[in-house]
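Enquirer: here you go, sequence then predicted model.
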Amino acid sequence: MALFGDSLLLDAIVIVSGLLLLAHLYFRHKFSYWEKRGVPFARPTTLFGNFKECFLQRESVGQFMQRMYNEGAGKRFFGIYVFGRPAIVLRDPELIKIILVKDFNIFYDRLVHSNTKTDPLSNNLFLLKGPAWKYLRFKMTPLFTPFRVKQMSPLIFTCAEQLREYLENNDKTKKIIEAKEVCGKFATDVITSCAFGIGSNCLLDPNAEFREFGRKIFDFSVYRSFEFMSTFMLPLVVKVMNVKFFSDETTKFLRKAFWDTIKEREEKNIERADFLQMLIQLKNNEKNEAKSKADKNGTRNDIADEMDAAIDFKGDILVAQAAIFFTAGFEANAAVIAFILYELAMQPHLQTRLREEILDAMDKNEGTLTYEAVRDMEYLHMVVSEVLRKYPPMPILDRVPNRDYVIPGTNITIEKGTAVYVPLLGLHMDPDVYPDPEHFDPERFSETNRTTRHPFMYLPFGEGPKNCIGRLFGLIAVKLGIASVIGKFEVSPCAETPRSMHLNPKAMVLAAKGGIPLKCTRLSD
Ligand code: HEM
């Protein structure tokens with residue numbers, strides 16, 4: 001029986017029209033959020049807001065934020081909509097500095113969300129929030145001092161040596177290298193041996209399990225990309241659809257790999273100066289020790305107070321930290337080394353200049369590279385810095401205020417819980433700051449040139465207390481890898497090398513669309 005008159009068709013038309021009208025009114029209400037507050041904003045489209053291209057995986061999250069940055073030209077900040085959720089994109093480097101550093105106590109958390117019950121390894125430093133993050137960060141920071149990183153450098157040199165062997169064998173068979181894949185193997189070997197004392201053997205063994213699982217974490221299939229995008233942009237989807245940062249299979253593998261190593265060390269009383277050792281100490285009740293120390297000294301400081309609410313370092317929470325070092329450690333490093341090789345192949349005169357610097361340093365040290373020599377190479381630093389400008393592996397930063405926040409110099413309030421994005425790719429590709437931004441030019445980072453810009457227009461490792469904890473380690477691993485390759489090999493484009501770089505629209509960590517095939521030839525001695 002029909003509801004409106006005799007016709008079912010009429011019923012259907014009325015119901016559908018009613019629903020459409022409701023949806024229209026709902027989104028009209030939602031999309032008036034920034035206008036009502038007097039915030040300049042990007043014009044949204046129904047349902048998607050400004051997020052359509054990104055959601056449909058026609059542009060990556062980094063490219064989406066870059067587009068929003070460009071649309072907001074001339075403004076200090078800019079309102080956007082991710083579906084119906086309002087968010088702010090920051091453009092002004094001074095404001096970025098205030099939010100990341102000065103007012104950090106308000107912008108303490110990231111928006112990123114995870115389901116720690118069903119995805120236990122997401123209980124890690126990157127994804128944790130509040131006091132638990134603060135406690136963990138405090139405990140982890142000593143692992144990444146220059147001294148610790150230097151201590152690990154012999155292991156990185158060993159991996160670099162294996163990389164050279166790999167490339168030599170490859171040259172003998174005249175094979176083209178897929179730069180991202182080779183660098184992925186190298187970076188995985190580096191992180192597993194430095195952080196966990198595990199020889200993952202990715203360069204020597206084509207079926208190495210660590211490489212296999214690393215590839216799975218960042219495979220950027222349609223569904224995996226959706227999971228990553230949701231983690232960073234759609235917290236509600238993560239909750240409702242139970243999206244996981246680490247799949248069950250990866251969790252099982254990492255859990256076993258790290259737990260076996262922890263057990264072996266405990267049983268055999270093995271101690272090493274690495275990340276895993278520090279995690280083991282945490283497990284063995286560091287919390288109580290540090291707390292009583294703080295009490296005894298009468299210095300129940302900020303951190304000691306936080307510890308009352310802190311974490312019990314047992315079981316998966318421990319493995320979760322190992323998992324994030326592994327994940328963050330290999331993918332970003334691999335991406336950076338691969339992009340450097342690409343840019344050097346495309347501009348051979350830059351490669352020649354870099355090689356001269358490397359060979360010169362080797363000559364001064366009986367034909368070998370030292371940690372200090374690589375760390376102090378000026379031109380190598382310029383090359384790495386320029387790659388991190390053009391291809392920041394993590395192309396956005398996000399923060400969420402824990403209370404309402406009035407933007408300095410305005411009467412505009414960012415409401416508690418509103419996502420605030422720093423669009424790194426947008427800042428780094430701003431032609432007013434970096435003329436001809438697509439052009440790869442290490443001179444932008446010469447001593448004179450780098451002082452001409454606002455320092456917060458260049459943030460490849462983020463900034464403030466929540467910046468990249470692995471910055472120093474990452475830089476050294478990348479530099480050692482590059483110095484080892486460029487000192488002995490020439491990289492050049494092959495027929496399949498893309499003549500201009502296209503980024504993968506599905507990749508959360510910046511990656512080339514379709515890989516980076518290159519020719520890599522051994523230099524004659
Ligand atoms: C060239 C390589 C790397 C780049 C460009 C990079 C970039 C970044 C960026 C942009 C962030 C976010 C910072 C913020 O929100 O302000 C971050 C966070 C982080 N990175 Fe890195 N990263 C690199 C290498 C590494 C390595 C080698 C490790 C570990 C060994 C690592 C571990 C982490 C962790 C654990 C966080 C979360 C820190 C926290 O929330 O306290 N990264 N990284």
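Expert: Everything's here; your move.
Enquirer: please identify the residues of the chain in proximity to the ligand?
Expert: By CB under 6 Å from any ligand atom, the residues of the chain that approach the ligand are 125-126, 137, 324-325, 328-329, 332-333, 336, 388, 393-394, 397, 460-463, 466-470, 473-474, 478. C-beta: built from backbone N, CA, C; applies to glycine.
Enquirer: recalculate using a threshold of 5 Å.
Expert: Residues of the chain lying close to the ligand by CB under 5 Å from any ligand atom are 125-126, 137, 325, 328-329, 332, 336, 393-394, 397, 460-462, 466-470, 473-474.
Enquirer: could I get the phi/psi values of the residue positioned nearest the centre of the chain?
Expert: By CA atoms, centre = their mean, the chain has its centre lying nearest to M394, at 3.6 Å. Main-chain torsions, M394, degrees, to the nearest 10: phi -100, psi 100.
Enquirer: one more: Q151?
Expert: For Q151, the backbone dihedrals are phi -60, psi -30 (criterion: degrees, to the nearest 10).
Enquirer: distance of it relative to A345?
Expert: For Q151, the distance to A345 equals 33 Å [CB to CB, to the nearest Å].
Enquirer: sorry, back to before: can you select the buried ones from the residues of the chain next to the ligand in PyMOL?
Expert: To isolate the buried subset of the residues of the chain next to the ligand in PyMOL, counting by 16 or more other CB atoms under 10 Å, use the following:
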select buried, resi 125+126+325+328+329+332+336+393+394+397+460+461+462+466+468+469+470+473+474
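Enquirer: what about the residues of the chain next to the ligand, which are in strands?
Expert: Residues from the residues of the chain next to the ligand lying in strands, with DSSP state E as the criterion: L397.
Enquirer: number of nearby residues for F83?
Expert: 18 (other CB atoms under 10 Å).
Enquirer: and the residue nearest to it when sequence neighbours are not counted, what are its bridge partners?
Expert: Counting by CB to CB, 6 or more residues apart in numbering, F83 lies nearest to G49, which is 5.3 Å off, once chain neighbours are set aside. Beta bridges link G49 to T45, V82, judged by DSSP bridges.
Enquirer: just give the number of residues close to G49.
Expert: Residues lying near G49 (other CB under 10 Å) number 23.
Enquirer: excluding sequence neighbours, find me the nearest residue to A335.
Expert: Distances taken as CB to CB, 6+ apart put P393 closest to A335, at 4.7 Å, once the chain neighbours are dropped.
Enquirer: which residues does the one you found contact?
Expert: Contacts of P393 were listed using CB atoms under 8 Å, 6 or more residues apart in numbering, and they are 331-332, 335-336, 460, 509-510.
Enquirer: show me what counts as buried in stretch 71-88.
Expert: Buried, per 16+ other CB under 10 Å, within stretch 71-88: 71-72, 75-88.
Enquirer: end to end on that stretch, go ahead and measure it.
Expert: Start to finish, the residues bounding stretch 71-88 are 13 Å apart (CA to CA, to the nearest Å).
Enquirer: let's see the pLDDT reported for the closest residue to R67 other than its chain neighbours.
Expert: Among residues not flanking R67 along the chain, E59 sits closest, at 7.0 Å (CB to CB, 6+ apart). pLDDT recorded at E59 is 94.
Enquirer: and E59, that's in a strand?
Expert: No: E59: not assigned to a strand; according to DSSP: H, G, I helix; E, B strand; the rest coil it is coil.
Enquirer: for it, give me its contacts.
Expert: 53, 67, 505.
Enquirer: can you check E443 too?
Expert: By CB under 8 Å, 6+ apart, the residues touching E443 are 382, 449.
Enquirer: can you tell me how far it is from K488?
Expert: Separation of E443 from K488 (CB to CB): 26 Å.
Enquirer: K513 too?
Expert: Separation of K513 from K488 (CB to CB) stands at 29 Å.
Enquirer: can you check L21 too?
Expert: To K488, L21 is 69 Å away according to CB to CB.
Enquirer: look at those two and report which has more neighbours.
Expert: The residue with more neighbours, out of L21 and K488, is K488; 19 against 10, by other CB under 10 Å.
Enquirer: pretty sure the more buried one is touching E165, no?
Expert: No: look at K488 against E165 with CB atoms under 8 Å: they stay out of range, at 10.5 Å.
Enquirer: coming back round to it: can I have the buried ones of the contacts of E59 as a PyMOL selection?
Expert: In PyMOL, this line selects whichever of these come out buried by 16+ other CB under 10 Å:
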select buried, resi 67+505
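Enquirer: return the subset of the contacts of E59 lying in strands.
Expert: Using DSSP E, no member of the contacts of E59 sits in strands.
Enquirer: could you dump the contacts of E59 to a markdown table with pLDDT and distance to G409?
Expert: As requested, these are arranged in a markdown table below (pLDDT from 0 to 100; distance: CB to CB, whole Å):
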| residue | pLDDT | distance to G409 |
| --- | --- | --- |
| E53 | 92 | 32 |
| R67 | 97 | 26 |
| P505 | 91 | 36 |
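Enquirer: out of the contacts of E59, the closest to V240 would be?
Expert: For these, the closest approach to V240 (CB to CB) belongs to E53, at 22.9 Å.
Enquirer: which residue comes closest to the closest one once chain neighbours are left out?
Expert: Using CB to CB, 6+ apart and skipping residues adjacent in sequence, the residue nearest E53 is E59, 4.6 Å away.
Enquirer: what separation do you get for that neighbour and G49?
Expert: Counting by CB to CB, the gap from E59 to G49 is 14 Å.
Enquirer: how about W259?
Expert: Relative to G49, and taking CB to CB, W259 is found at 43 Å.
Enquirer: swap in T352?
Expert: Distance, T352 to G49, by CB to CB: 48 Å.
Enquirer: repeat that for F104.
Expert: Going from F104 to G49 by CB to CB gives 28 Å.
Enquirer: kindly report the same for C520.
Expert: Here the criterion is CB to CB. By it, C520 lies 45 Å from G49.
Enquirer: could you do S446 as well?
Expert: Here the criterion is CB to CB. By it, S446 lies 41 Å from G49.
Enquirer: what of I469?
Expert: 33 Å.
Enquirer: check R58 too.
Expert: Applying CB to CB, the value for R58 to G49 is 15 Å.
Enquirer: please apply the same query to K283.
Expert: Here K283 is placed at a distance of 44 Å from G49 (CB to CB).
Enquirer: same check on G470?
Expert: According to CB to CB, G470 and G49 sit 33 Å apart.
Enquirer: again with N170
Expert: Distance, N170 to G49, using CB to CB: 47 Å.
Enquirer: same question, F232
Expert: To G49, F232 is 16 Å away according to CB to CB.
Enquirer: and what of Q66?
Expert: Counting by CB to CB, the gap from Q66 to G49 is 17 Å.
Enquirer: where does this protein dip in pLDDT?
Expert: Where the chain drops to pLDDT under 70, the residues are 1-5, 285-313, 525.
Enquirer: now for R522: which residues touch it?
Expert: Residues in contact with R522 (CB under 8 Å, 6+ apart) are 167-168, 171, 488-489.
Enquirer: repeat the analysis, applying 7 Å as the threshold.
Expert: The neighbourhood of R522, defined by CB atoms under 7 Å, 6 or more residues apart in numbering, consists of 168, 171, 488-489.
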